[in-house]
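Student: how does the following fold in three dimensions:
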Amino acid sequence: MTHQQPTTTPEPADQSQPGKLPFPTGLPIGAEWMAAPSTAPVHFPYDGSVVAEAPVGDVDLARQALENALSVRSEVGRLPSHVRRSALQGALSALRGQRDALVDLLVLETGKPLVDCRVEVERTLLTLETAAEEVARLHGETVPLDLLPSGDGLMGFWVRKPIGVVIGIAGFNYPLLLAAHKIAPALAAGCPIIVKPAPQTPLATLWLVHLVREALAAAGGPISAVQLVTGGVDVGSTLTTDPRIGAVSFTGSAAVGHQIARDAAPTKVLLELGSNSALVVAADADIPAAADAAVRGGYYASGQACISVQRVIVVESARAAFLAELTPRLGQLIVGDPRHPETRVSALIDDRSTHRVNTWINDAITAGATLAHPTTPSPGHTAPADTSPADGSTSPEIVGPTVLLDLPHGQLAWDEEIFGPVIAIRSVPDIATAFRTVNASRYGLHASVFTSSLETAFDAIDRLDVGGVVINEVPGFRSDVMPYGGVKDSGTGREGPRFAIEELTTTRMAIIRPTPRHA
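Tutor: Numbers count the residues shown, from 1 in each chain. This is a model prediction of the structure:
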């Protein structure tokens with residue numbers, strides 16, 4: 001498996017060792033690729049082999065990126081619509097040409113199953129395409145200022161202006177897509193952006209930034225409008241606390257997001273944080289469809305998705321039928337090498353995540369929960385590997401698809417975001433109690449309800465305190481054109497190109513008296 005090296009990068013790292021891919025040792029800062037002070041290995045989560053040596057930035061490079069972004073802020077803000085649209089269209093075309101290579105790369109750096117990485121690339125393409133289309137819809141309106149006599153003779157209208165430099169920080173689970181949801185709206189809005197990818201998964205984001213910069217230059221814009229810096233907490237803090245930036249767009253954990261918001265104040269902060277999404281099964285639900293959804297929605301991306309099914313709340317009269325439908329579906333899930341097209345669950349991003357998920361499972365069982373699946377420590381069916389593990393690799397420790405029944409109150413596997421292939425099931429006496437149970441969480445991103453009743457569906461839309469209510473589908477459904485975000489500790493602001501562009505622009509009111517008034 002090989003990837004074409006970006007033409008404007010420095011020489012790639014040594015490729016003589018197995019598992020290495022040609023990637024730059026530098027970072028796209030300013031109009032060049034600047035040498036990074038160090039590198040760090042990116043590991044394939046499934047077997048621990050090294051995918052590539054990734055450049056690691058520092059505070060000095062972060063400061064240089066900030067100065068470059070600020071220096072082109074006015075120029076980027078005045079770019080004609082056709083330049084911004086052409087840049088996004090060019091990046092879309094280039095990404096399509098790298099589609100298969102990026103899918104393979106995502107499998108290696110995230111460890112997500114191949115099927116999920118294919119979906120990620122397709123969604124990234126849609127995000128770029130939609131953002132390019134939204135450039136033509138960025139406009140203002142006239143305002144009737146003469147509703148009061150003092151406004152007689154005045155003409156008023158408002159326009160949208162870019163908010164300024166944007167800092168985009170993305171999570172490890174969907175690195176290409178999450179970065180696209182920050183880069184594309186920022187560029188469409190006329191904002192320079194500095195991206196900081198997750199330390200575990202910088203490679204696909206480096207490629208995306210490279211392709212966008214090349215397309216931007218071809219369209220006639222400044223290449224330094226889009227930059228990328230890697231590094232630790234000190235790099236992130238340097239970027240997000242500079243008072244000259246316009247906005248921070250962060251995707252990650254609630255704890256980190258809240259800290260960023262506190263440290264960045266009064267800068268605008270958009271937070272797409274975690275959740276423990278619920279799937280409600282009403283008494284009149286299509287039970288087989290609900291069981292399908294629990295499995296599809298609970299275990300895609302190995303459960304490492306903020307809107308994957310974590311809590312299943314079943315009306316008591318439907319419990320036995322639901323569990324009877326759920327059990328055989330669990331046994332059909334393929335666990336193993338994520339490079340295999342039939343795999344649905346594989347290793348989590350790193351050992352720390354695996355240890356945490358196992359600890360939460362064991363704590364729940366100790367507290368009185370029932371382990372309904374797996375019934376033995378075995379992860380289930382194992383997919384054959386397409387290739388042999390690289391030298392020096394280790395056997396993977398995989399958390400298999402897990403079901404916990406009747407968790408006692410106060411358990412992390414119910415209350416917090418587990419971010420692993422685990423669903424927890426509780427029974428409730430009626431649908432009203434189910435809705436109260438959904439809302440009895442500090443999170444509120446998405447929830448779904450399976451019901452045959454239109455009345456119940458509309459009641460859910462009215463009563464559930466979440467950013468998105470999904471009827472008769474997984475809570476993990478997300479179209480990249482819709483407004484996406486949460487309430488409570490799940491975040492603030494909305495993603496989706498149209499809505500993110502609105503977040504990254506401000507209204508500027510124009511008030512004109514064509515002929516000066518004399519007292």
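Student: which intervals of the stretch 351-500 of the chain have sub-threshold pLDDT?
Tutor: 375-395 (pLDDT under 70).
Student: so what's the gap between stretch 258-276 and the chain middle?
Tutor: Relative to its chain's centre, stretch 258-276 lies at 15 Å (C-alpha atoms, centre = their mean, to the nearest Å).
Student: got the end-to-end distance for stretch 263-271?
Tutor: 14 Å (C-alpha to C-alpha, to the nearest Å).
Student: state the mean pLDDT of it.
Tutor: Across stretch 263-271, pLDDT averages out at 97.
Student: what residues does it touch?
Tutor: The contact list for stretch 263-271, computed with C-beta atoms under 8 Å, 6 or more residues apart in numbering, reads 163, 237, 240-241, 243, 245-250, 257-258, 260-261, 485, 491-495, 500, 503. (Each C-beta comes from the backbone N, C-alpha and C, glycine too.)
Student: out of the residues you listed, which are inside strands?
Tutor: Secondary structure assignment by DSSP state E places 247-250, 491-492 of those in strands.
Student: just checking, Pro288 touches Glu325?
Tutor: Yes - under the criterion of C-beta atoms under 8 Å, Pro288 makes contact with Glu325 at 5.2 Å.
Student: compare those two (neighbour count), which wins?
Tutor: Using other C-beta atoms under 10 Å as the criterion, Pro288 and Glu325 rank with Glu325 on top: 18 against 14.
Student: that one: what's it in contact with?
Tutor: By C-beta under 8 Å, 6+ apart, the neighbours of Glu325 are 287-288, 290-291.
Student: same check on Ala204?
Tutor: So Ala204 contacts 102, 105-106, 109, 175-176, 179 (C-beta under 8 Å, 6+ apart).
Student: what sits against Gly368?
Tutor: Contacts of Gly368 by C-beta under 8 Å, 6+ apart are 406-408.
Student: using the three-state scheme, assign Ala318.
Tutor: helix (DSSP: H, G, I helix; E, B strand; the rest coil).
Student: isn't it up against Ala282?
Tutor: Yes - counting by C-beta under 8 Å, Ala282 is a contact partner of Ala318 at 7.2 Å.
Student: who's more crowded, those two?
Tutor: A side-by-side neighbour count of Ala318 and Ala282, using other C-beta under 10 Å, places Ala282 first with 23 against 19.
Student: state the distance from the residue positioned nearest the centre of the chain to Thr507.
Tutor: Centroid-nearest residue in the chain: Leu178, 4.1 Å away (criterion: C-alpha atoms, centre = their mean). Separation of Leu178 from Thr507 (C-beta to C-beta, to the nearest Å): 27 Å.
Student: swap in Gly297?
Tutor: Distance, Gly297 to Thr507, by C-beta to C-beta: 38 Å.
Student: give me the more crowded residue out of these two.
Tutor: Taking neighbours as other C-beta under 10 Å, Gly297 and Thr507 compare with Gly297 leading, 26 against 11.
Student: coming back round to it: which element is the residue nearest to the centre of the chain on?
Tutor: helix 175-189 (DSSP states H and E).
Student: what mean pLDDT does that helix have?
Tutor: 98.
Student: tell me the angle of it relative to strand 247-251?
Tutor: 160 degrees (axes from the mean of the first three to the mean of the last three C-alpha atoms, to 10 degrees).
Student: quick check: next helix or strand after helix 175-189?
Tutor: Next element after helix 175-189 (DSSP H and E): strand 193-196.
Student: residues contacting that next one, please?
Tutor: Contacts of strand 193-196 (C-beta under 8 Å, 6+ apart): 62, 65-66, 69, 165-170, 179, 182-183, 186-187, 205, 209, 225-231, 235-236, 239.
Student: describe which strands that strand pairs with in its sheet and in which direction.
Tutor: strand 166-169 (parallel), strand 226-228 (parallel) (DSSP bridges).
Student: Asp465 against Val487, yeah?
Tutor: Yes - using C-beta under 8 Å, Asp465 is in contact with Val487, at 6.1 Å.
Student: any common contacting residues for these two?
Tutor: Contacts common to Asp465 and Val487, judged by C-beta under 8 Å, 6+ apart, are Gly444.
Student: tell me which residues touch Asp459, please.
Tutor: Counted by C-beta under 8 Å, 6+ apart, Asp459 has contacts 431, 435.
Student: work out the gap between the helix or strand hosting it and the centre of the chain.
Tutor: Assigned by DSSP H and E, Asp459 belongs to helix 454-463. How far helix 454-463 lies from its chain's middle: 28 Å, per C-alpha atoms, centre = their mean.
Student: after that helix comes which helix or strand?
Tutor: Moving toward the C-terminus from helix 454-463, the next helix or strand (DSSP H and E) is strand 468-471.
Student: could you export that following strand as CSV, CA atoms only?
Tutor: Provided in CSV are the C-alpha atoms of strand 468-471 (Å, rounded to 0.1, in the frame of the first residue of the first chain):
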residue,chain,number,x,y,z
GLY,A,468,-31.4,15.9,17.4
VAL,A,469,-34.3,13.5,17.8
VAL,A,470,-34.4,10.6,15.4
ILE,A,471,-37.5,8.5,14.9
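Student: can you tell me the SS state at the residue lying closest to Ile29 once chain neighbours are set aside?
Tutor: Sequence neighbours aside, Ala65 is the residue nearest to Ile29 in space, at 4.9 Å (criterion: C-beta to C-beta, 6 or more residues apart in numbering). Under three-state DSSP, Ala65 falls in the helix class.
Student: just to check, Ala65 is in contact with Val229?
Tutor: Yes - when contacts are counted by C-beta under 8 Å, Ala65 is listed as touching Val229 (5.1 Å).
Student: overlap in contacts of those two?
Tutor: Joint contacts of Ala65 and Val229 (C-beta under 8 Å, 6+ apart) are 29, 194, 239.
Student: mind checking pLDDT for the second one?
Tutor: According to the prediction, Ile194 has pLDDT 98.
Student: next: the first one.
Tutor: Note for Ile29: predicted pLDDT of 98.
Student: tell me the spacing between it and Ile349.
Tutor: As judged by C-beta to C-beta, Ile29 and Ile349 stand 26 Å apart.
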